[in-house]
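Asker: model the following, please.
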Amino acid sequence: MTVRLHVVPRGFAGPTVRFGIPFAALVVALMIGAILLGVSGSDPLEAYRTMFNASLNGWNPLTRTLALATPLVLTGLAAAVAFQMRVYNIGAEGQLYLGAIAASWIGLFLPADIPAVLMLAAMVGFGALAGAAWAMFAAIPKALFNADEIITTLMLNFVALSLMNYLIFGSRSFWREPQRPFPSGKRLPESAIMPELSGRLHFGFIIAVVCAVGLWWVLRRTTWGFEIRTIGDSPTSARYAGISVRTKTIAVLGISGALAAIAGVSEVSGVTKGLEPNALATDIGYTGIIVAVVARSNPLGVVPVATFLAAIATSGSRLQGIGIEVEVVYLLQGLIFLTVTAGEFFVTNKVELTSTDADELLNENATPDAEMTGAK
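Answerer: Here you go, the predicted structure:
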């Protein structure tokens with residue numbers, strides 16, 4: 001008797017499978033991290049206790065974590081809405097830069113004495129339009145010529161970064177402060193700065209949560225969202241049903257770019273208070289991809305996942321205080337990404353053990369010629 005492994009499509013996966021497997025993957029990642037910490041000579045329990053106390057234990061640590069999670073929620077949503085249609089936007093980083101550039105221009109261009117509500121609304125709106133327009137450089141070739149959006153969006157990140165650096169470090173642009181000896185951006189007026197909720201936490205977090213709830217509702221409760229998910233499941237069936245895949249591709253990448261750009265607006269208005277390339281180029285857009293994957297492209301799941309990853313990042317300086325290098329933060333993030341990605345296989349498939357008798361195994365391995373000879 002021979003025991004064999006068979007991979008069988010799971011079909012419909014209930015909530016226990018859809019949420020239980022990603023949770024188990026997170027536990028596995030933390031267990032592997034604990035083993036690596038122990039091998040390196042550190043106390044895993046002390047490390048995890050320090051991380052919890054530095055990021056979530058108390059109002060001040062919690063607000064710092066939520067402030068860091070704010071742009072991660074928005075870039076995670078940007079990736080998630082594209083992933084719903086099996087379109088892969090890797091350009092949230094560059095779209096974030098364009099949102100920061102556009103929002104800071106509006107904040108500096110409009111009169112400083114206009115009401116803050118109007119100023120911030122203009123910054124968010126204009127920043128979102130800039131991010132959506134930047135995404136069109138990848139969306140239109142994808143829709144018309146089926147160009148690989150992974151390559152185009154990734155390359156556009158470097159173009160956007162060079163543009164932002166040029167505006168501050170390579171020119172005497174409108175964004176640059178001429179009075180400072182070291183190149184830096186002009187400080188935004190008070191009307192262009194997002195109000196603080198508590199400590200470092202600013203109004204951008206409210207915007208991020210509203211975007212998450214709104215996107216979830218659109219994707220799950222509207223015809224447009226149904227069509228997006230249908231295209232993601234089967235583009236051929238969607239075309240047969242009369243859904244325009246080209247139009248939806250442009251729309252989805254435009255929305256994705258707008259969400260990532262709002263993250264840039266949030267950072268430039270709520271954190272840096274001006275266009276500061278060194279402070280903005282922190283790979284938030286790339287981390288948002290991890291957030292979307294771990295959240296399984298669920299907009300509501302993006303918020304807790306972004307908060308969890310932000311909690312890990314927030315604790316980096318405290319870990320150094322107990323002799324643990326900050327690279328541990330990146331290690332844990334990478335482990336989470338790998339284990340959750342691997343867990344996706346078990347969400348859609350299951351592995352079964354079957355026993356096979358020797359005679360059945362011989363029949364399975366029989367050649368067609370032998371079967372034809374037996375038939376004659």
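
Asker: got the contact list for the residue nearest the centre of the chain?
Answerer: In the chain, the residue lying closest to the centroid (C-alpha atoms, centre = their mean) is residue 288, at 2.2 Å. By C-beta atoms under 8 Å, 6 or more residues apart in numbering, the residues touching residue 288 are 71-72, 74-79, 92, 260, 263, 306. Glycine gets a C-beta too; all of them are placed from N, C-alpha and C.

Asker: give me the helices and strands touching the longest helix seen in the chain, please.
Answerer: Once the chain is assigned using DSSP state H, the helix that runs over the most residues is helix 116-145. Packed against helix 116-145, as judged by 3 or more C-beta pairs under 8 Å, 6 or more residues apart in numbering; DSSP states H and E, are the following elements: helix 92-109, helix 149-169, helix 245-270.

Asker: among the contacts of residue 288, which are in strands?
Answerer: Members of the contacts of residue 288 lying in strands (criterion: DSSP state E): none.

Asker: residue 146: which of these is nearest?
Answerer: Using C-beta to C-beta, residue 79 is the member of the contacts of residue 288 that lies nearest residue 146, at 20.4 Å.

Asker: need the nearest residue in space to the residue nearest to the centre of the chain, chain neighbours excluded.
Answerer: residue 75 (2.7 Å; C-beta to C-beta, 6 or more residues apart in numbering).

Asker: per-residue pLDDT of that neighbour, please?
Answerer: On the pLDDT scale, residue 75 is placed at 97.

Asker: repeat for the one 3 residues further on
Answerer: At residue 78 the predicted local distance difference test score is 97.

Asker: cool, residue 364 as well?
Answerer: 54.

Asker: for the one 4 residues further on, same thing?
Answerer: Each residue has a pLDDT score; the one for residue 368 is 51.

Asker: so where's the stretch 1-150 of the chain shaky on pLDDT?
Answerer: Scanning the stretch 1-150 of the chain for pLDDT under 70 picks out 1, 3, 11-13.

Asker: do the same with the stretch 201-350 of the chain
Answerer: For the stretch 201-350 of the chain, no range has pLDDT under 70.

Asker: please give me every residue in contact with the residue lying closest to residue 254 once chain neighbours are set aside.
Answerer: Spatial nearest neighbour of residue 254, chain neighbours left out: residue 132 (4.2 Å); criterion: C-beta to C-beta, 6+ apart. Neighbour list for residue 132: 254-255, 257-258, 261 [criterion: C-beta under 8 Å, 6+ apart].

Asker: chain center to stretch 285-297: distance?
Answerer: The gap between where stretch 285-297 is centred and where its chain is centred comes out at 3 Å by C-alpha atoms, centre = their mean, to the nearest Å.

Asker: what segments of the stretch 251-376 of the chain are strands?
Answerer: With DSSP state E, counting those that start in this stretch as the criterion, the stretch 251-376 of the chain has strands at 349-356.

Asker: all helices for it, in order.
Answerer: 277-280, 284-294, 299-314, 316-321, 327-348, 358-364, 368-375 (DSSP state H, counting those that start in this stretch).

Asker: can you tell me which of those helices comes nearest to residue 177?
Answerer: helix 277-280 (13.0 Å).

Asker: which strands and helices sit next to the closest one?
Answerer: helix 92-109, helix 149-169, helix 245-270.

Asker: what count of nearby residues applies to residue 147?
Answerer: 14 (other C-beta atoms under 10 Å).
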